[in-house]
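> Using only what follows, build the 3D model:
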Amino acid sequence: MIAAMGIKVQKAGRSKLQDISLENLPFGKYFTDHMLEADFENGEWKNAEIKPYQPMLLNPSVAAIHYGQAIFEGIKAYKNKEGDAFIFRPLDNFKRFNISAERMQMPGVPEEIFMDGMKQLIQLDKNWIPFKEDHSLYIRPFMFASDEVIGVRPSDNYKFMIILSPTGPYYSAPMRIYVEEKYVRAVPGGVGYAKAAGNYGAALYATAQAKKKGYDQVLWMDAFEHKYVQECGTMNVFFVIGNTAITPDLEQGTILDGVTRQSSITLLKEMGFAVEERPLSMDDIIDAYKAGLLYEVFGTGTAATISMIKELRYKDFVMQFDVEKWKTAPLLKKWLTDIREGRREDKYGWMYPV
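As a prediction, this is how the structure comes out:
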């Protein structure tokens, strides 16, 4: 339920935009002037408000800190060549957010708060959207349990928020990836398909170990056989083998149903590729590489967009790629960027006007 009310708006007195440059932006460091906040209390959503970005005051016993009931989404807004603001496929993120909420025993957020609140928030802070290629306004909706009680059970109260961050490229260069064999990201029956905060915290140790070896991220394997590829760090992953683009399927619920993944599948088919969503083993990948048929490997994600992988290490076998000669991943990234920034027809209706 949602209480019968609109979203209140309290504007900031002075914009922080006067103090920073939107050139050469690091990812997730700066935040806009306003944020959205709403509370779930007594079985209904209430207190929906857009207000100046500010610190939060939390009780030390707040449930999310102790038991990890927290989820989030990642969305981006862009400006087209006329300077109009659009959000990329936010309804898909809205639906996925509530799928995550159900898995984590949290209430669904109503569309009036998630979508309408997001739109109002971006209308207020649209001057923060960088008017520059490969730059965007990153949108972070999140929700956490706010009961002030210690006890292992679903919370009765929750807080939903949206914050905004102008950003440049997440990965600015092609990546070196380490195939992880010991640690796992998710198991069938687990929460791998949910965008739960704990999924990312659990991945940090293995990623840190890979970075000590000189790699940027890990490619996760299945939990039982350590044989089939899953996700790659913060991204879904694609392998171009011959004239087929292959990406792990979603059947076991161990990987995220990425919005950029969905978009990439659609555009790859438009490019003329056969696209297969299926289990793919490292043995098959290595065989294709040795046969000269593994042409490209790249990741897809909201933050990462399309990120090329120049090296993949499995045990002591290293696969290296000359990304300068690639055609598919660069073209896919260009098509996505051009759709988002208004230079290519949005035939699929992905851009949501603000």
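
> So which residues of the stretch 101-250 of the chain form strands?
According to DSSP state E, counting those that start in this stretch, the stretch 101-250 of the chain carries its strands in the segments 136-145, 158-167, 175-179, 217-221, 229-232, 236-241, 244-247.

> Check which helices and strands the third one is in contact with.
In terms of contacts (3 or more Cβ pairs under 8 Å, 6 or more residues apart in numbering; DSSP states H and E), strand 175-179 is packed against strand 217-221, strand 305-314. (Glycine included, C-beta is placed from N, CA and C.)

> most packed of the ones you listed?
Mean neighbour count (mean count of other Cβ atoms under 10 Å) peaks for strand 217-221 among the helices and strands packed on strand 175-179, with a mean of 25.

> Local confidence estimate at residue 204?
Note on residue 204: pLDDT of 96.

> and if you look at residue 3?
With respect to pLDDT, residue 3 has a value of 43.

> Kindly report the same for residue 305.
Model confidence at residue 305 (pLDDT) stands at 89.

> Surely it and residue 337 touch.
Yes: using Cβ atoms under 8 Å, residue 305 is in contact with residue 337, at 7.5 Å.

> shared neighbours of these two, anything?
Common contact partners of residue 305 and residue 337 (Cβ atoms under 8 Å, 6 or more residues apart in numbering): residue 134.

> Rebuild the helices and strands packed on strand 175-179 as TSV, extending it with distance to residue 87.
Output for those, formatted as TSV (distance: least, Cβ to Cβ, whole Å):
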stretch	distance to residue 87
strand 217-221	27
strand 305-314	15
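
> Out of the ones you listed, which is closest to residue 145?
Of all the helices and strands packed on strand 175-179, strand 217-221 sits nearest to residue 145, with 26.9 Å by Cβ to Cβ.

> Tell me which residues are up against that closest one.
By Cβ under 8 Å, 6+ apart, strand 217-221 touches 175, 177-181, 183-186, 203, 206-207, 210, 227-235, 237, 282, 312.

> Any of those buried? List them.
Among the contacts of strand 217-221, the ones that count as buried by 16 or more other Cβ atoms under 10 Å are 175, 177-180, 183-186, 203, 206-207, 210, 228-235, 237, 282, 312.

> Kindly provide the distance from residue 141 to residue 34.
Separation of residue 141 from residue 34 (Cβ to Cβ, to the nearest Å): 14 Å.

> again with residue 325
Relative to residue 34, and taking Cβ to Cβ, residue 325 is found at 45 Å.

> Looking at the two, which is more packed in?
Applying other Cβ atoms under 10 Å to residue 325 and residue 34 shows that residue 34 carries more neighbours, namely 24 against 8.

> The more buried one reaches residue 15, doesn't it?
No: the pair formed by residue 34 and residue 15 falls short of the contact definition of Cβ under 8 Å, at 9.7 Å.

> Give me the distance between the two termini of stretch 168-179.
Taking Cα to Cα, to the nearest Å, the first and last residues of stretch 168-179 lie 27 Å apart.

> do stretch 241-251 as well
End-to-end distance (Cα to Cα), stretch 241-251: 22 Å.

> How about that stretch, which residues are buried there?
Neighbour-count burial for stretch 241-251, counted by 16+ other Cβ under 10 Å, picks out 241, 245, 246, 247, 248, 250.

> avg pLDDT for it?
For stretch 241-251, mean pLDDT is 97.

> chain center to it, what's the gap?
The chain centre lies 20 Å from the centre of stretch 241-251; the measure is Cα atoms, centre = their mean, to the nearest Å.

> One more: stretch 198-209?
Taking Cα atoms, centre = their mean, one finds stretch 198-209 lying 16 Å from the centre of the chain it belongs to.

> In CSV, list the C-alpha atoms belonging to that stretch.
The C-alpha coordinates for stretch 198-209 follow below in CSV (Å, rounded to 0.1, in the frame of the first residue of the first chain):
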residue,chain,number,x,y,z
GLY,A,198,25.7,-9.0,0.3
ASN,A,199,26.5,-10.4,-3.1
TYR,A,200,29.0,-7.7,-3.7
GLY,A,201,30.5,-7.7,-0.2
ALA,A,202,31.1,-11.5,-0.5
ALA,A,203,33.0,-10.9,-3.8
LEU,A,204,35.5,-8.5,-2.5
TYR,A,205,38.1,-11.0,-1.1
ALA,A,206,38.4,-13.0,-4.2
THR,A,207,38.7,-9.8,-6.3
ALA,A,208,41.4,-8.5,-4.0
GLN,A,209,43.4,-11.7,-4.5
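
> I'm done for today, thanks for sticking with me.
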